[in-house]
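Peer 1: Sequence unavailable; structure follows:
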């Protein structure tokens, strides 16, 4: 057997062993964001298309759930592997052709750029959260529509609703910047009974000192409560209620989330502990213990926000609230019930997609590429492992057969032209 074919064969065997072996330590892929522990009664539902394309689905999901430092570490790892590979090749083949090396480097760079572009913009099936019990409502406290200046132009209110439906949400807050247009458009198509579809509620992304806040259920009729710099002013909404807010990451939460912000405007009742932006994931990895301690000391909740802007097809987390009878409520009544639960200090459970240990920093950060691969394999369902093996052995077997056929043809050709 030729050396290259032998290496390919052993690589197939090793990959197969990894896919099957990691099933022994399988993780559900969902955890309590505050404690890192498994959450009983919740699971990820994977559409058939997601399972069939699992190698692609999982890879793009993993890219979408990395912090800023992890992205840098991953790109650096790919660059280092490329340099080592080409250095080893140069020792065997001389002279080195600069144009060829630049072309290969450009190919790798292009593949990386295409992968990130696909993670951000390629439509694909989404993993959705399923929670046991009809009384559990799944909430996203932070999303946007195309009405925000930094959102995808095609991400209309109804695209926002479809995105949340596909990822397993029951209600999402539309918190556009300086405008209520997206939320107003969304309200026109809210279901009469909240249990009959995804309810989109109005809110506004405002400012408080060095942080952003999500002011819940603020509408265009409440413009008098926000000044020119987007700060929430004292007062009540047009409906007569006093608004409450959620502190958003990234931001200076260690400095500006204090008791005075809880008892006076913006009346913070929760801290966003999960947010889909790389910068927010970076802050959570760095300051997670502080955020948990701050929320506990102030008696406020830890919640999640996707920060969906129309880019990416993965939800980083969900907020679960046990709210009996919510399915029969109108959208306004559901919003009021969620606010009341925040004011009372009811238990909100922040759950998230399991992430990778490289977020801990140090040597684990340097090993992000391997950590992502191993973590992804441990999250695979049985059906996904079968799909991975099909994608692995289908092209792999074809390649091995083609290599064997080519070797046989070369031997036959050599025998034909040899003397005697």
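Peer 2: Received the coordinates, thanks. Because the structure is predicted, anything quoted here is derived from the model rather than measured.

Peer 1: going forward, measure contacts and count neighbours with C-alpha atoms only.
Peer 2: OK.

Peer 1: Straight-line length of stretch 59-76, end to end?
Peer 2: 17 Å (CA to CA, to the nearest Å).

Peer 1: now do stretch 44-52
Peer 2: So stretch 44-52: terminal residues 16 Å apart, CA to CA.

Peer 1: How about stretch 153-172?
Peer 2: End-to-end distance of stretch 153-172 (CA to CA): 19 Å.

Peer 1: Please enumerate residues in contact with the one helix or strand residue 337 maps to?
Peer 2: Assigned by DSSP states H and E, residue 337 belongs to helix 331-344. Outside helix 331-344, the residues that touch it by CA atoms under 8 Å, 6 or more residues apart in numbering are 190-194, 199-201, 216-217, 244, 269-270, 300-301, 326.

Peer 1: same check, this time on stretch 114-134
Peer 2: With contact meaning CA under 8 Å, 6+ apart, stretch 114-134 is reached by 41-47, 49-50, 57, 60-61, 63-64, 166-169, 311-315, 318, 324.

Peer 1: switch to 6 Å and redo it
Peer 2: 41, 42, 43, 44, 45, 46, 50, 60, 167, 168, 311, 312 (CA atoms under 6 Å, 6 or more residues apart in numbering).

Peer 1: What separation is there between the closest residue to the first one other than its chain neighbours and residue 251?
Peer 2: Using CA to CA, 6 or more residues apart in numbering and skipping residues adjacent in sequence, the residue nearest residue 41 is residue 132, 5.1 Å away. Here residue 132 is placed at a distance of 34 Å from residue 251 (CA to CA).

Peer 1: likewise residue 285?
Peer 2: Distance of residue 285 to residue 251, given as CA to CA: 13 Å.

Peer 1: okay, and for the stretch 251-400 of the chain, where does confidence drop off?
Peer 2: In the prediction, the stretch 251-400 of the chain carries residues with pLDDT under 70 at positions 357-361, 396-400.

Peer 1: mind listing the helices in it by residue range?
Peer 2: In the stretch 251-400 of the chain, the helices defined using DSSP state H, counting those that start in this stretch lie at 253-256, 259-263, 278-298, 331-344, 362-366, 368-378, 382-417.

Peer 1: among those helices, which is the most enclosed?
Peer 2: Among the helices of the stretch 251-400 of the chain, helix 368-378 has the highest mean neighbour count (mean count of other CA atoms under 10 Å), at a mean of 20.

Peer 1: circling back: quick one, which of the contacts of helix 331-344 are buried?
Peer 2: 190-191, 193-194, 199-201, 216-217, 244, 269-270, 300-301, 326 (16 or more other CA atoms under 10 Å).
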